[in-house]
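> quick one, structure for this:
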Amino acid sequence: MTALPILAPTPRDPAAVRLPRAVNAATPAPTMSERYQFVDTRAIVQRFAEEGWQLAAAQVASPSRRDGAYAKHSLDFRHPELAPMRGTVPRILVINSHDGTSAARVMGGAYRFVCSNGLVSGTTFAAESVRHIGDAAADLIHRMRALARNTERLYTQIDRWANKDLTRAQRAEFARFASHLRWGDAGRFNSDEVLQVRRVEDDAGDLWSTFNRVQENTIRGGLTGLSRSGRAATSRPLVEITRSAEYNAQLWRLAEEVAEFW
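Model prediction:
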């Protein structure tokens, strides 16, 4: 699962928050043309704060040949008035860039507190893209409100998954489907590796526990298996912002299909 460091909750005045350089960019990258419409991430933070959503974590992509001051970045927002369920709290994830590498996107999902040192694990269940035109911050808020209304649906799904037992064969099949989504090959890593238990609370046969084990193992890396060429290999963590969000959403949809048809 995607692990991000927990930051101090964002005050209502976002100006008081120390944000990464890429988030604080006041203009687009100099390489962008005049046709490029700037989506100010700081305005998004301000609008979200006004709606009661507090910034809990931030992540910036490692730029290759681009200026890190404008790089792709993600912001994770939580709402203090939304109570957790089964250790899981709703989240709104915003992905943006100021150098044209990413459209502005807002995603709904969940984060689960998984260990005593404060690390959390996250998933994405819905996403909306926003074009770099007009008042994108207002557009994001509109879409965020729609995603926030899915909180009841989110809790209903989690509860349903926690009460849906899978057979051993079904858990192995879920792991193989997830492996195909993650690596494009269901056979590179043994299903027992993908299903390994890292936490006592996940040592169960229900769909929710299976989902969490598979998600964490496929994203954090460290699994022993084969490379694309057939040599022994160890899986690497999935850290790229957009790909991580996309895979999390795919895995969520897979669990939805399993809950519906198995």
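> low-confidence stretches in the stretch 51-200 of the chain?
63-67, 113-122, 126-127, 130-137 (pLDDT under 70).
> that one: strands as residue ranges?
54-60, 73-78, 88-96, 104-113, 120-130 (DSSP state E, counting those that start in this stretch).
> the shortest one pairs with which strands, and in what direction?
What it means is strand 73-78. Here strand 73-78 is paired, per DSSP bridges, with strand 54-60 (antiparallel), strand 88-96 (antiparallel).
> give the buried residues for the longest helix seen in the chain.
The longest helix of the chain (DSSP state H) is helix 241-261. Going by neighbour count (16 or more other CB atoms under 10 Å), the buried part of helix 241-261 is 241-242, 244-249, 251-252, 254-255, 258-259. For the C-beta atoms, the positions are set from N, CA and C on the backbone; glycine is no exception.
> mind putting these in CSV, distance to Arg199 and pLDDT included?
Supplementary listing: the buried residues of helix 241-261 in CSV, determined by distance: CB to CB, whole Å; pLDDT from 0 to 100:
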residue, distance to Arg199, pLDDT
Ile241, 25, 81
Thr242, 27, 80
Ser244, 20, 84
Ala245, 23, 82
Glu246, 25, 85
Tyr247, 21, 89
Asn248, 18, 86
Ala249, 23, 86
Leu251, 18, 92
Trp252, 20, 90
Leu254, 21, 95
Ala255, 18, 94
Val258, 21, 96
Ala259, 22, 95
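> and the strands of the stretch 51-200 of the chain: which comes nearest Glu201?
With CB to CB, the closest approach to Glu201 among the strands of the stretch 51-200 of the chain belongs to strand 104-113: 9.5 Å.
> can I get that closest one in CSV, CA atoms only?
Extracted in CSV, the C-alpha atoms of strand 104-113 (Å, rounded to 0.1, in the frame of the first residue of the first chain):
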residue,chain,number,x,y,z
ALA,A,104,-5.2,18.3,-12.2
ARG,A,105,-7.1,15.4,-10.7
VAL,A,106,-9.2,14.9,-7.6
MET,A,107,-9.8,11.4,-6.2
GLY,A,108,-11.8,9.9,-3.5
GLY,A,109,-10.6,6.9,-1.4
ALA,A,110,-9.7,5.7,2.0
TYR,A,111,-6.7,5.5,4.3
ARG,A,112,-6.2,2.9,6.9
PHE,A,113,-4.0,3.4,10.0
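> show me what it is packed up against.
Packing partners of strand 104-113 (3 or more CB pairs under 8 Å, 6 or more residues apart in numbering; DSSP states H and E): strand 88-96, strand 120-130, helix 136-148, helix 151-162, helix 241-261.
> will you turn these into TSV that also has distance to Ala232?
Output for these, formatted as TSV (distance: least, CB to CB, whole Å):
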stretch	distance to Ala232
strand 88-96	34
strand 120-130	28
helix 136-148	42
helix 151-162	34
helix 241-261	24
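> tell me who's in contact with Thr234.
Shown in contact with Thr234 (CB atoms under 8 Å, 6 or more residues apart in numbering): Gly221, Gly222, Leu223, Thr224, Gly225.
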